[in-house]
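In: Here is my input, please return the structure:
(2 chains)
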2 protein chains.
Amino acid sequence: MNKTFNKLKEHLEIIQAFTEALTLYDWDLQTQAPKESMDYNSKTIGILSNEYYKALVNLKVRRLLEKLETDKEFETLDSNEKAIVRKLRKTYNGIAFIPQQEYREFSEFSAKSVSKWEKAKENKDFNEFVPALKEMIDYKKKFISYRKSGRQKIYDILLEDYEEGFKMQELDIFFEKIKEALIPLVKQVSEKSKTIDKSYNHQKYDIQKQKEFCKWLSGYLGFNFNRGIIGESTHPFTTNLSNHDVRITNHFNQENLESAIFSAIHETGHAIYEMNVSDELTQTIIGGGASCGMHESQSRFFENIIGKSHAFWEYVYPKLVATFPEQLKDVSLDEFLIGINKSAPSPVRIEADELTYTFHIIIRYEIEKMIFQNKVKVENLSKVWNKKYKEYLGIIPENDSEGILQDIHWAGGDFGYFSSYAIGNAIAAQIYYYMKSIMPFDEYLRQGNITPIREFLNSNIHQYGMKKNTNEILKDLMNEELSVDYFIRYMREKYTKLFNLGE
Amino acid sequence: MNKTFNKLKEHLEIIQAFTEALTLYDWDLQTQAPKESMDYNSKTIGILSNEYYKALVNLKVRRLLEKLETDKEFETLDSNEKAIVRKLRKTYNGIAFIPQQEYREFSEFSAKSVSKWEKAKENKDFNEFVPALKEMIDYKKKFISYRKSGRQKIYDILLEDYEEGFKMQELDIFFEKIKEALIPLVKQVSEKSKTIDKSYNHQKYDIQKQKEFCKWLSGYLGFNFNRGIIGESTHPFTTNLSNHDVRITNHFNQENLESAIFSAIHETGHAIYEMNVSDELTQTIIGGGASCGMHESQSRFFENIIGKSHAFWEYVYPKLVATFPEQLKDVSLDEFLIGINKSAPSPVRIEADELTYTFHIIIRYEIEKMIFQNKVKVENLSKVWNKKYKEYLGIIPENDSEGILQDIHWAGGDFGYFSSYAIGNAIAAQIYYYMKSIMPFDEYLRQGNITPIREFLNSNIHQYGMKKNTNEILKDLMNEELSVDYFIRYMREKYTKLFNLGE
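Out: Modelled structure (predicted):
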């Protein structure tokens, strides 16, 4: 093994340990920590974050990294080591140009900003959040300016932090195509949806039984309970300490059966990705999913493409009916399928259906672009928000809580993140058509045989962790890069068939 | 504030953060982490332990500590700061003389030793554990030798690590008195116990209902759910990240009602201690209970002195019967009380009743003494063990699993710890008689009014954290140091009355 890399490895192991400890704290805070612990554990998290910073940003790491990046050294590395060096450079640059003191201040500010957002959301008043949001935007601009070269655009850097290769140039086209194709479809489908009665979904569904069914469902899809657990939290999420310790959460509502089911499928999709990253990459800086978009492609592949398909429910629906016979005995499989695919514009992203979902992303993308191109005053964002909802979805949020304040992302400084949700949807559709062309996809689902589908994803996507980026994975798999056309085709085909459009 | 202390504080905060992160990992491993995570999270724990070591043992901390210990500086400190300096010295000396490499090797060995013990226990074969136990003993001897001054005895140092002021000199007398007084009592009581039928305890008790009742019980005793949570683990335990984040666990057995109830009361006793340490000491090195013995005194005060008393159950038993009417409708309060106090020699400490419990401790104390005075070969320990059980309790364990291998302590290197369990019992009894002399103790229990009892313990014991040691707390409270006489009196009075002995 390369001597320099070996030295670097000692540092990387410490950095990794801090990352994992912080992940564990985050899991703990979201799933179980008692109310009063917040202030105290936040202090500890602050200190551990600072130790993480110190372990990463120092002269020793910098010199080792620079040495490894010289041609002479780099050539001697194996492919994993090369990927680690590349990823470390990205991580290093993302943080190293921020002075330690500012990084610490920012960490503290983030926590405060989130609590300001929470309060403003509670009071349904965007104005309350404006000062914190302004400060957050200023922080992001300042931090990006530290590492930006002359011509680069700030928002491009933010976007590429989450998804390499997807700058405004690419995303403008991507989203324009979607708008053009899907705005008319949204109108058609939501018109048809008006008559759909899905009151069955809002009967009383025993929570313990929901839990058991969802646990079964996760296992059925491939969640490995030897290397994962399922918890509960307000908003479902997936996290992992390593590929042998992957954790998902769910939330349960007695009067909404779908909510927990599709959260379970979604998070299981994320979990299966992490659980199947190759052991060669375990507990390294490249030991997680390739990118946010790639990750979201897997969760949405399971949630929507598999989880909202007729073939999937042919096998699974009888089990759901057996769990809730009283509530579902008079609901046929076809009625259930129409129910879970009912589509109508709504103000809240995380409650949106598959078809209207992307418009929530488009709106955020366009607003973030305006923010970082200084084309809008922060004070006016709520108005801009509501105008865009009217324009694209024909609705206006009743208040800021279900409008511009609905998501936590901006409060935590996550600008540029939302697009990866849309990229994920597009990837999922593209992979779907490819898989259909080489395997009896629907037949597997009908038989309740998820294994070949999951193994295909494991061996072509999951195992690589961050060794490849999104486009490399797609190219190696299907000989083409991301194309939004499949997503559009998928939406058209699906809804045309489901709602007999144009017939 | 003292400038030197202020500088030290920065180091202390980092040390504290690592301690808490390690505590969180321990909680996680014991309550929920998936099976396969073990190897990977252990590695992370090893790295964090090493970071803890580096944060504590270094020239900067040493110099600041030495400076603060000079009369000139020490005098300027307030009482909390003085206690912190004293405690830091103790912690520092406990670890600093061990070379970093050896500390790391030991940490890794400990984990292995525990898994050797687990396997040996499974196979009921002490011989399998002998090599690891030998190595562990050698480690302890070596580590103690690094900090031992000429005349000190190794086992005294081990004992005082857990309980300041309780060396062999004191404990020999302590245990001899107990033996003398209680061996005849054990015989009388276990003879009387033979006729007690407690089959009611082994009916089917719904686990969900047990959980709800135990949760209610914890709250009733004073567990603050805003600063604590209850989890599940194989062996119940209490841990804490701070006094605002205290965590207990329980285990449930469908066919043993008592087991969960008394574990809940015991761990709640520990939790109430931690939750009521003064906020002045939060997240400092003296922010936990005074000592193991003092801690155990609180858990056992609640579990036995309160929790096995007639007065306590006068209020609580109707609630238990209401929870399990089918199973308990024909069991009177008096029958229940006799049942929970049934006493008979048994081989396993954690299943032992209040009266025979101390003999399990005496046996371990005597054997540990032999080990560290080099008076026994490790290979022969199983024989020695069984001989002592025959001598003191009149029974011989059926195998090593329920004999010498029953406890994890030695495998993890915890020698000298067991005595604090017995010290805890003695403290609890002494406090009990004092409280009875100044408040209507039984009356409070009968009324279901735990508050004045708990508040008395809060203000006289809990709030001080580690600012005082065991004897200081007792002296300030009752004007006398620990005396075993109260414990003996308590046992005699209790069992004489309960079983009509000598009447």
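
In: Which parts of the stretch 151-300 of chain A are helices?
Out: Assignment of helices within the stretch 151-300 of chain A using DSSP state H, counting those that start in this stretch yields the ranges A:154-162, A:168-193, A:207-221, A:257-275, A:292-300.

In: Indicate which one of the ones you listed is closest to A:Q373.
Out: Within the helices of the stretch 151-300 of chain A, the stretch nearest A:Q373 is helix A:154-162; the backing value is 6.8 Å (C-beta to C-beta). (Glycine included, C-beta is placed from N, CA and C.)

In: Skip the chain neighbours and tell me the closest residue to A:A428.
Out: If you skip the residues right next to it in sequence, A:A428 has A:F301 as its closest partner in space, 4.1 Å away by C-beta to C-beta, 6 or more residues apart in numbering or on different chains.

In: rewinding a little: now tabulate the helices of the stretch 151-300 of chain A in a markdown table and tack on mean pLDDT, mean neighbour count and distance to chain B.
Out: Conversion of these to a markdown table gives the following (pLDDT from 0 to 100; neighbours: other C-beta atoms under 10 Å in any protein chain shown; distance: least, C-beta to the nearest C-beta, whole Å):
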| stretch | mean pLDDT | mean neighbour count | distance to chain B |
| --- | --- | --- | --- |
| helix A:154-162 | 95 | 20 | 26 |
| helix A:168-193 | 95 | 16 | 37 |
| helix A:207-221 | 98 | 17 | 9 |
| helix A:257-275 | 97 | 25 | 10 |
| helix A:292-300 | 97 | 26 | 20 |
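
In: ok, now which ones touch the closest residue to A:Y392 other than its chain neighbours?
Out: In this structure, A:Y392 finds its nearest non-sequential neighbour in A:F359, 4.7 Å apart by C-beta to C-beta, 6+ apart. Under the criterion of C-beta atoms under 8 Å, 6 or more residues apart in numbering or on different chains, the neighbours of A:F359 are A:179, A:182, A:186, A:345, A:392-393.

In: Relative to chain B, which residue of the stretch 251-400 of chain A is the closest?
Out: Of all residues in the stretch 251-400 of chain A, A:Q283 sits closest to chain B, at 6.0 Å by C-beta to the nearest C-beta.

In: what's near enough to touch that residue?
Out: Neighbours of A:Q283 in contact, by C-beta under 8 Å, 6+ apart: A:13, A:16, A:20, A:242, B:40, B:43-44.

In: mind listing which of these are in strands?
Out: Counting by DSSP state E, the part of the contacts of A:Q283 found in strands is A:S242.

In: Need the buried ones from the contacts of A:Q283 selected in PyMOL.
Out: Applied in PyMOL, the following selects the buried portion of those according to 16 or more other C-beta atoms under 10 Å in any protein chain shown:
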select buried, (chain A and resi 13+16+20+242) or (chain B and resi 40+43+44)
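
In: how about TSV for the contacts of A:Q283, with distance to A:F252 added?
Out: Listed next are the contacts of A:Q283 as TSV, based on distance: C-beta to C-beta, whole Å:
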residue	distance to A:F252
A:E13	39
A:Q16	34
A:E20	28
A:S242	28
B:Y40	30
B:K43	35
B:T44	31
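
In: A:K467 against A:T284, yeah?
Out: No - taking C-beta atoms under 8 Å as the contact criterion, A:K467 and A:T284 are not neighbours in contact, 10.1 Å apart.

In: joint contacts of these two?
Out: Both A:K467 and A:T284 are in contact with A:N80, where contact means C-beta under 8 Å, 6+ apart.

In: Which single helix of chain A contains the most residues?
Out: Of all segments of type helix in chain A, defined using DSSP state H, the longest is helix A:3-31.

In: looking only at pLDDT, what's the mean for it?
Out: Confidence over helix A:3-31 (mean pLDDT, whole number) is 96.

In: same question, stretch A:320-327
Out: 98.

In: Buried residues, it. List them.
Out: A:320-321, A:323-324, A:327.

In: can you list these in TSV and add secondary structure and distance to B:F312?
Out: Formatted as TSV, those follow (DSSP: H, G, I helix; E, B strand; the rest coil; distance: C-beta to C-beta, whole Å):
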residue	secondary structure	distance to B:F312
A:L320	helix	48
A:V321	helix	49
A:T323	helix	43
A:F324	coil	44
A:Q327	helix	45
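
In: Which one of those residues is nearest to A:H409?
Out: For those, the minimum distance to A:H409 (C-beta to C-beta) is 32.8 Å, reached by A:L320.

In: Quick check, that closest one in contact with A:E212.
Out: No - here A:L320 lies out of contact with A:E212, judged by C-beta under 8 Å, at a distance of 11.5 Å.

In: Just give me the residue closest to the centre of chain A.
Out: Centroid check for chain A by C-alpha atoms, centre = their mean gives A:E296 as the closest residue, at 4.6 Å.

In: For A:F252, which residues are in contact?
Out: Remark: with contacts taken as C-beta under 8 Å, 6+ apart, A:F252 is in contact with A:207, A:210-211, A:232, A:259-260.

In: remind me which residues of chain A are low pLDDT?
Out: Under the criterion of pLDDT under 70, the regions of chain A flagged as low confidence span A:502-503.

In: Return the residues of it in contact with chain B.
Out: Counting by C-beta under 8 Å from any C-beta of the partner chain, the residues of chain A close to chain B are A:13-14, A:16-17, A:20-21, A:24-25, A:28, A:32-37, A:39-41, A:43-44, A:47-48, A:51, A:225-229, A:231, A:241-242, A:244-246, A:282-283.

In: Buried only: go through those for me.
Out: Among the residues of chain A next to chain B, those classed as buried by 16+ other C-beta under 10 Å are A:13-14, A:16-17, A:20-21, A:24-25, A:28, A:32-34, A:36-37, A:40-41, A:43-44, A:47-48, A:51, A:227-229, A:231, A:241-242, A:244-246, A:282-283.

In: Please list all residues in contact with the closest residue to chain B within the stretch 351-500 of chain A.
Out: Nearest residue of the stretch 351-500 of chain A to chain B, counting by C-beta to the nearest C-beta: A:G465, 14.7 Å away. If a contact means C-beta under 8 Å, 6+ apart, then A:G465 has A:277-278, A:281, A:286-290 as its contacts.

In: Not counting residues beside it along the chain, what's closest to A:V61?
Out: Nearest residue to A:V61, sequence neighbours excluded (C-beta to C-beta, 6+ apart): A:H11, at 5.2 Å.

In: tell me the contacts of that neighbour?
Out: Residues in contact with A:H11, defined by C-beta under 8 Å, 6+ apart, are A:55-56, A:60-61, A:64.

In: Dump those to JSON lines, plus secondary structure and distance to A:G448.
Out: Below are the contacts of A:H11 laid out as JSON lines (three-state DSSP; distance: C-beta to C-beta, whole Å):
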{"residue": "A:A55", "secondary structure": "helix", "distance to A:G448": "47"}
{"residue": "A:L56", "secondary structure": "helix", "distance to A:G448": "46"}
{"residue": "A:K60", "secondary structure": "helix", "distance to A:G448": "54"}
{"residue": "A:V61", "secondary structure": "helix", "distance to A:G448": "49"}
{"residue": "A:L64", "secondary structure": "helix", "distance to A:G448": "51"}
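
In: which secondary structure element contains the residue nearest to A:Y392?
Out: When secondary structure is defined using DSSP states H and E, the element that contains A:F359 is helix A:354-372.

In: Next SSE downstream of that helix?
Out: Toward the C-terminal end, the helix or strand that comes next after helix A:354-372 (DSSP H and E) is helix A:381-393.

In: Run the chain-centre distance for that following helix.
Out: Between the mean C-alpha point of helix A:381-393 and the mean C-alpha point of its chain there is a distance of 23 Å (C-alpha atoms, centre = their mean, to the nearest Å).

In: Alpha carbons of it, as PDB, please.
Out: Presented in PDB, the C-alpha positions along helix A:381-393 are these (Å, rounded to 0.1, in the frame of the first residue of the first chain):
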ATOM      1  CA  LEU A 381     -40.300  35.400  -1.400                       C
ATOM      2  CA  SER A 382     -43.600  34.500   0.000                       C
ATOM      3  CA  LYS A 383     -45.400  36.400  -2.700                       C
ATOM      4  CA  VAL A 384     -43.200  34.900  -5.400                       C
ATOM      5  CA  TRP A 385     -43.800  31.500  -4.000                       C
ATOM      6  CA  ASN A 386     -47.600  31.800  -4.000                       C
ATOM      7  CA  LYS A 387     -47.600  33.300  -7.500                       C
ATOM      8  CA  LYS A 388     -45.600  30.300  -8.900                       C
ATOM      9  CA  TYR A 389     -48.000  27.800  -7.200                       C
ATOM     10  CA  LYS A 390     -50.900  29.600  -8.900                       C
ATOM     11  CA  GLU A 391     -49.000  29.500 -12.200                       C
ATOM     12  CA  TYR A 392     -47.900  25.900 -12.300                       C
ATOM     13  CA  LEU A 393     -50.400  24.100 -10.100                       C
END
